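1. Got a sequence here, can you build the structure:
(chains A, B and C)
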Amino acid sequence: MAGVRGEIDTEALLAELTEPQRQAVTHTDGPLLVLAGAGSGKTRVITRRAAYLASEVARPREVLAITFTNKAADEMRNRIVGLGVGRDMTVCTFHSLCARLLRIHHERAGLAPNFTIFDQDDRRNVVKQAVRACELDPKNWPAGPIEGRISNAKNEMLTPEAFAEQASGYYDGVIARIYTAYQQILAEQQGVDFDDLLMRMALLLAEDDQLRDRLEDRYRYVLIDEYQDTNDAQYNITHLLTERRRNLCATGDPDQSIYGWRGANIGNILRFEQDHENAVVVRLEQNYRSTKRILAAASSLIAANIHRKEKTLWTENAEGRRVRQVDCPDGEGEGQFIAGEIAKAIADGRPPSDVAVFYRINALSLDIELALRRAGIAYQVARGQAFYGRKEIKDLLAYVRVLVNPAETTSLRRIINTPPRSIGKTTLGKLDAEAARSGRSLYDVVMDSAAREALGRGSDKVGRFAELLRTLQPLVVGPAAKALTEAFSQSGLRASLVGEERADEVPLENVENLIAEAEKYDRQQPEGSVIGWLEETSLLSDVDSIDDTAGAVTLMTLHAAKGLEFPVVYIIGVEEGLLPFRREADGPADVEEERRLCFVGMTRAKEELTLCHARYRVRHGQTLRNVRSEFLRDLPSDEIERCDDDPDASDGGFAVAERGTRGPEDWLPGVFVLHDEYGIGVIRSIRSWGALNHATVAFEDGEEHSFILEYSDLTRLEPDEIG
DNA sequence: CTACCGGATTTTTTT
DNA sequence: AATCCGGTAG
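-> Prediction:
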């Protein structure tokens, strides 16, 4: 039986599927939740399902599939095309979908057609401007927390007005003022931040019935992947798009919810059945990815979470090697150990691309990078954002952004004296004053020859800059690479970079790579534009930069690793304070989410898994003493092979007391202790300060106290001593 | 207007 | 440790 469209072989779509997989693929109408455990063949199910829908009940263009990253979207699209479905299915991320729709329906959304997307850096910049506009001291109002507040507000779809209404207390009142100013600056600059993309789309869908109907008719079947990591705005968009037909298929795994800190609401997936009457739920619990031992270790870890829907993964795969736990003296030793292991594996015929190294924070990649470089092993770091953060790249992008969106004063200020053209503070101040006086944008003032006359000495220089912008302006309608190349050379940026070199990096080459990327875009999107390229570039994620064909070891954060798989996986920095990550400043860490994060990392491994921890780690230029992670205690100890990178230090991460007053294995999180005054308590965490170890202990009355282990009179209790 | 100095700040994770 | 910011000197 062939599909109705003829080109697709339906039988092939259903071949080699287990019963639950088949059910997920062939369920057509009504809400469907696929609870897909790690490695349970979810991608296969989703792609086949999308193809099945496009063959049996809809046209490809009527299917909308939303993924978490652009890379995942590209892969899914390619696989669907490989199944014989035409290219016109919409497969993208929430953010790119919203950007595209808001661009098309900009008028309804109250946006300029050429709005630009503000990234993290831009957002920080605007927050600082907003704080200044509110006449607050930036020292008392640091940008970071404010960004978080504004972001949360937007995730909850609170506009500045709505936020101000529900704000209570002094702090929130001020935040409301800053948020208002922030939004005002964005509006002036025709800028939209990441959260705006979602919030504006959700609000637009909620209030514009006509548009909602049109989109519902267009996207008759909607698939959302990684549903456990959707936030409230995304939830609203999803529901507004599927209200009438209810053809929503959500896939995900509550055990892999790792974005709570940015507003993801795990409740979205947990409440799916309550939210959707008659929802069909399919569970995929057979793992096809990992060895029995890897799966056992990961399952054992995640079982330690208390707030959890029970789920048991199983596999028919081979037993495999034991999961290893390696104790390293320090970060450098850890890097050397891993580089040595990888070099051995490569010598044995293992392709470098089989191997991945994961870490909790980007800073940890440095030691590994250094060691791999020394060992001559090719590697790539998933850090696309960092590339776009480079000065020369930002400079050139600022030119393009001004061409696309002249209202973007921030970019204009960036380039007006980059490269140096002797337009300094004084001149800029005069231009600003004139803009404020006449109510025009900075750009308009710069381009106004009459206004320039009044500048005095700076007049000529600004005149030449205006001339430059005028020459470049027509390039917005042409291909992206052309605009970049011309802006680069005509602005004098190129000349200023020639011969520049910093820390084994050549800025000129970076720009050339950027232009090469633009050329690729121009080839792939002949209908594209500079605006389109800029939009795509703004929405790139870290993993989007990794190249599967590079033949290199891959380094990335645990967050970026979501959805990927590698035969050989190393997780480094499995230490208290790092994984689970804790910072004194912000309250207690969400240990369950951290544990899920570790679980995500472990379940990426197909054949071999190694968890490393170091006893000393350099952070902010200071050497810290680290204790191995409490998560390691959740692993089945008889299944784990313990290795020691440094034979003289077999006590490993447990070497707590250098003064010899305390036994090495005795002082760990989770250990019960007795204190003369406070009674029985349990150690929450151990931190090292110089040579001393501080323990935070939670007591029965709920109080927490900190002690210096070497000096305190805490007594350790054996498990059988606890009544 | 640029160049340089010293102090503050940084790094949690990201679309 | 490395970078960024603001202030001051030239």
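
2. Wasn't A:L64 part of a strand?
-> Yes. Using DSSP: H, G, I helix; E, B strand; the rest coil, the secondary structure at A:L64 is a strand.

3. so what's it up against?
-> A:M89, A:T90, A:L97, A:Y219, A:Y221, A:V222, A:L223, A:L241 (Cβ atoms under 8 Å, 6 or more residues apart in numbering). Bear in mind the C-beta positions are built from the backbone N, C-alpha and C, glycine included.

4. Just the strands from the stretch 351-500 of chain A, written as ranges.
-> With strands called from DSSP state E, counting those that start in this stretch, the stretch 351-500 of chain A shows them at A:355-359, A:379-381.

5. Now rank the contacts of A:L64 by neighbours and give me the top one.
-> Neighbour tally across the contacts of A:L64 (other Cβ atoms under 10 Å): the maximum, 26 neighbours, falls on A:L223.

6. Looks like A:I294 contacts A:T610 (just checking).
-> No. Using Cβ atoms under 8 Å, A:I294 is not in contact with A:T610, being 10.6 Å away.

7. Compare neighbour counts for those two and give me the winner.
-> Higher neighbour count among A:I294 and A:T610: A:I294, with 28 against 22, using other Cβ under 10 Å.

8. need the contact list for that one.
-> Applying Cβ under 8 Å, 6+ apart, the residues near A:I294 are A:G320, A:V323, A:M602, A:T603, A:A605, A:K606, A:E607, A:L609.

9. So which of these are in strands?
-> Among these, DSSP state E puts A:V323, A:A605, A:K606, A:E607, A:L609 in strands.

10. which residues sit in contact with the third one?
-> To tie it back to what came earlier, the one meant is A:K606. Applying Cβ under 8 Å, 6+ apart, we find A:K606 in contact with A:R289, A:S290, A:T291, A:I294, A:E565, A:F566, A:P567, A:V568.

11. what does the first one give?
-> When contacts are counted by Cβ under 8 Å, 6+ apart, A:V323 touches A:R293, A:I294, A:A297, A:M602, A:L609, A:T610, A:L611, A:L635, A:E639, A:I640, A:E641.

12. which two in the ones in strands among the contacts of A:I294 are spaced the farthest apart?
-> Greatest spatial distance in the ones in strands among the contacts of A:I294: A:V323 and A:K606, 12.6 Å, computed using Cβ to Cβ.

13. returning to what we had before: pLDDT added to the ones in strands among the contacts of A:I294, as JSON lines?
-> Formatted as JSON lines, the ones in strands among the contacts of A:I294 follow (pLDDT from 0 to 100):
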{"residue": "A:V323", "pLDDT": "95"}
{"residue": "A:A605", "pLDDT": "96"}
{"residue": "A:K606", "pLDDT": "96"}
{"residue": "A:E607", "pLDDT": "97"}
{"residue": "A:L609", "pLDDT": "96"}
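
14. and which of those is nearest A:K425?
-> For these, the residue nearest A:K425 by Cβ to Cβ is A:A605; the value is 54.7 Å.

15. Give me the nearest residue to the closest one, chain neighbours excluded.
-> Once flanking residues are discounted, A:A605 sits nearest to A:V569: 3.7 Å by Cβ to Cβ, 6 or more residues apart in numbering.

16. Can you tell me the SS state at the one you found?
-> Classified using three-state DSSP, A:V569 is strand.

17. Check the one 4 residues further on too.
-> Here A:G573 is coil, with the state taken from three-state DSSP.

18. How about A:N513?
-> A:N513 - assigned by three-state DSSP - is helix.

19. quick one: it from A:L484, how far?
-> Counting by Cβ to Cβ, to the nearest Å, the separation of A:N513 from A:L484 is 11 Å.

20. Tell me which of the two has more neighbours.
-> A:L484 (24 against 12).

21. Now do the contacts for that one.
-> A:L396, A:V400, A:L514, A:I515, A:A518.

22. restrict these to those near DNA strand C?
-> Counting by Cβ under 7 Å from any atom of the strand, nothing from the contacts of A:L484 sits close to DNA strand C.

23. and the residues you listed as TSV, adding neighbour count, distance to DNA strand B and pLDDT?
-> Conversion of the contacts of A:L484 to TSV gives the following (neighbours: other Cβ atoms under 10 Å; distance: Cβ to the nearest atom of the strand, whole Å; pLDDT from 0 to 100):
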residue	neighbour count	distance to DNA strand B	pLDDT
A:L396	25	19	90
A:V400	26	20	93
A:L514	21	17	89
A:I515	18	22	92
A:A518	24	19	93
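
24. which of these sit farthest apart?
-> A:V400 and A:I515 (11.1 Å).

25. quick one: low-confidence ranges for chain A?
-> Low-confidence segments of chain A, defined by pLDDT under 70, span residues A:1-7, A:384, A:499-505, A:584-587, A:645-670, A:676-678, A:685-696, A:699-714, A:717-723.

26. one more time with 50
-> Applying pLDDT under 50 to chain A flags the ranges A:1-6, A:647-665, A:689-692, A:711, A:723.

27. So in it, which helix runs the longest?
-> Longest among the helix segments of chain A by residue count, using DSSP state H, is helix A:169-188.
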